[in-house]
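S.K.: using only what follows, build the 3D model:
(one chain, ligands or ions: 4)
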Amino acid sequence: MSFNPLKEKGLPLEKQLRNWHQIAARPYKKQLADAYTRVRQIFLNGIEVEAWGFKHQLNRYLSNIDGKDRELISRMGRIENQQQMTCNWLCPSNQSVLETTLGYEQVAVDLTAYLAQVEPDNYVKETFDFGLLEDFDHLYRYAQFAYTKENVKPDDIVQNKTDVILGRTTQFHHNCNALRLRKPYDKNKTCPRTKVNILTLLSAEQQTHNFYAEHGFMYGDQILRETYAEIKDVEEEHVTMYESLIAPDETMFEKLLLHEFCEVCNYYSCYQDEECNDIKKYWEIFLEIELEHLKIAADLFKKYEKRDPYEIIGEETFITSRFESQKSYVQKVLNKEVNKRLKENGEFYYSLDEIPNDWASYEVQTKTSEVSSPSENAVRIAFLQNGIDVTSIDKNLKNLEFELLEKGMQKQGAACNTVQKEEYLTAMKKFEEKKELKSKKI
Ligand SMILES: [Fe+2]
Ligand SMILES: [Fe+2]
Ligand SMILES: [Fe+2]
Ligand SMILES: [Fe+2]
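M.R.: Ligands and ions are numbered 1, 2, ... in the order given. Next up is the predicted model:
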């Protein structure tokens with residue numbers, strides 16, 4: 001059934017203010033929560049952070065608007081702020097930073113994989129696929145620390161819905177900014193679905209960056225601190241990459257309309273899929289709030305631009321965040337694209353054997369990893385402590401692990417502490433021997 005958001009009833013703005021008890025709502029139970037309940041909570045916080053920040057940008061940079069419209073925007077911003085608090089604070093206090101971090105990367109992997117499959121624009125889809133393999137590898141790196149520091153196995157968090165294994169190796173995610181910039185869409189020719197897909201993913205990536213910036217220092221372990229710093233920098237690249245797809249000539253009111261539409265689509269998606277009733281009720285009320293914000297944005301767009309809002313958002317609401325296991329899609333992309341690298345001028349990609357010797361990203365990689373790559377040390381620590389790296393893999397992928405490592409390895413720009421295929425194989429052999437010895441003793 002189609003859901004035309006501008007025809008649905010929202011909650012009037014004067015009824016949207018909530019009390020402190022409602023704002024600081026009771027968190028979900030860490031031990032009982034479904035992985036995708038956690039994922040939706042993390043994700044929707046990112047949507048609200050962007051919605052809130054954008055209102056402030058509007059009021060800072062918009063000139064020539066009526067005072068009462070400025071007030072309207074600031075009142076909406078206050079509601080976004082209250083929603084953001086509720087979304088973020090549904091996270092339980094006994095969930096560690098590393099556990100939440102695994103949740104963040106699970107959001108990135110499963111959201112990007114979903115969006116890549118529903119994205120109608122091939123260029124945008126390819127950009128999503130490229131970013132997907134990077135967040136996939138982040139999940140693997142953080143999983144090493146979650147186990148070695150806190151005895152948390154990946155499936156304690158991802159609950160077998162997402163594979164945890166190396167992807168495109170993190171040390172090779174560092175690029176020259178000129179290469180990260182992709183080509184923007186044409187705002188007059190691009191469909192609403194593509195615009196809202198990009199804004200959805202951009203919001204999630206931006207919040208991942210913010211979370212690492214605000215929490216990476218909370219661990220005393222220097223290698224873990226450096227790994228947060230390294231991966232946070234990749235999230236900065238992801239923000240750069242996804243925002244560069246957006247047409248820079250969209251007007252501010254056009255952007256406001258798309259932001260509110262993005263919120264409607266994502267609450268609509270998460271409300272439909274959420275199984276925990278204690279959490280679902282928030283997605284329901286927040287959907288009603290966003291329907292009203294969208295109407296206000298549409299009125300402002302009509303008033304200041306004298307255009308029809310349907311030109312920008314169309315007449316239907318999209319499922320922009322369906323969280324479900326994406327293992328087979330991710331495996332397909334891994335096999336096909338682990339050796340891809342960014343090309344100049346927003347062009348499609350190099351495969352490793354095509355990269356020119358003066359590729360601009362080599363300089364960034366060599367500089368940032370000149371002492372060592374922390375995300376490689378993450379695996380070395382796991383070897384030292386457990387004898388083997390920490391993974392949670394679908395059977396089909398197990399045999400491909402070392403093939404992937406070899407296929408994605410750069411000769412130039414690699415850090416001196418890079419874990420080589422032979423080291424993985426030796427660690428695995430030793431681990432198997434020890435396991436056999438143990439079983440004999442018993
Ligand atoms: Fe909101
Ligand atoms: Fe990531
Ligand atoms: Fe990312
Ligand atoms: Fe909103």
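
S.K.: for the residue in the stretch 151-300 of the chain positioned nearest to ligand 3, what are its contacts?
M.R.: Residue of the stretch 151-300 of the chain nearest ligand 3, by CB to the ion: residue 238 (3.9 Å). (Glycine included, C-beta is placed from N, CA and C.) Residues in contact with residue 238, defined by CB atoms under 8 Å, 6 or more residues apart in numbering, are 131, 134-135, 205, 208-209.

S.K.: apply 6 Å and report the result again.
M.R.: Going by CB atoms under 6 Å, 6 or more residues apart in numbering, residue 238 touches 131, 205.

S.K.: next one: residue 88
M.R.: Counted by CB under 6 Å, 6+ apart, residue 88 has contacts residue 45.

S.K.: surely it is within a helix?
M.R.: Yes. Applying DSSP: H, G, I helix; E, B strand; the rest coil, one finds residue 88 inside a helix.

S.K.: re the thing from before, any idea how far ligand 4 is from the residue of the stretch 151-300 of the chain closest to ligand 3?
M.R.: 23 Å (CB to the ion, to the nearest Å).

S.K.: where's that residue relative to residue 438, distance?
M.R.: Taking CB to CB, to the nearest Å as the measure, residue 238 falls 42 Å from residue 438.

S.K.: and residue 100, by the same measure?
M.R.: On the measure of CB to CB, residue 100 and residue 438 end up 34 Å apart.

S.K.: what about these two, which has more around it?
M.R.: residue 100 (18 against 9; other CB atoms under 10 Å).

S.K.: what lies in contact with the helix or strand harbouring the more buried one?
M.R.: Using DSSP states H and E, the element containing residue 100 is helix 97-118. Residues from elsewhere that reach helix 97-118, judged by CB under 6 Å, 6+ apart: 38-39, 42-43, 125, 128-129, 131-132, 135-136, 138-139, 142, 145-146, 150, 152, 157-158, 162, 197, 201, 204, 208, 211, 215, 218, 322-323, 326, 329-330.

S.K.: CA-only coordinates of that helix in CSV, if you can.
M.R.: Coordinates of each C-alpha in helix 97-118 appear next as CSV, following Å, rounded to 0.1, in the frame of the first residue of the first chain:
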residue,chain,number,x,y,z
VAL,A,97,32.1,1.2,24.0
LEU,A,98,33.5,-1.7,22.0
GLU,A,99,30.2,-3.6,22.0
THR,A,100,28.4,-0.4,20.7
THR,A,101,31.2,0.0,18.2
LEU,A,102,30.5,-3.5,16.7
GLY,A,103,26.9,-2.3,16.5
TYR,A,104,27.9,0.8,14.6
GLU,A,105,29.9,-1.2,12.0
GLN,A,106,27.0,-3.7,11.7
VAL,A,107,24.8,-0.7,10.9
ALA,A,108,27.2,0.3,8.2
VAL,A,109,27.6,-3.1,6.6
ASP,A,110,24.0,-4.1,6.5
LEU,A,111,22.6,-0.7,5.7
THR,A,112,25.1,-0.1,2.9
ALA,A,113,24.5,-3.6,1.4
TYR,A,114,20.7,-3.0,1.5
LEU,A,115,20.9,0.4,-0.1
ALA,A,116,23.3,-0.8,-2.8
GLN,A,117,20.7,-3.3,-3.9
VAL,A,118,17.8,-0.9,-4.0
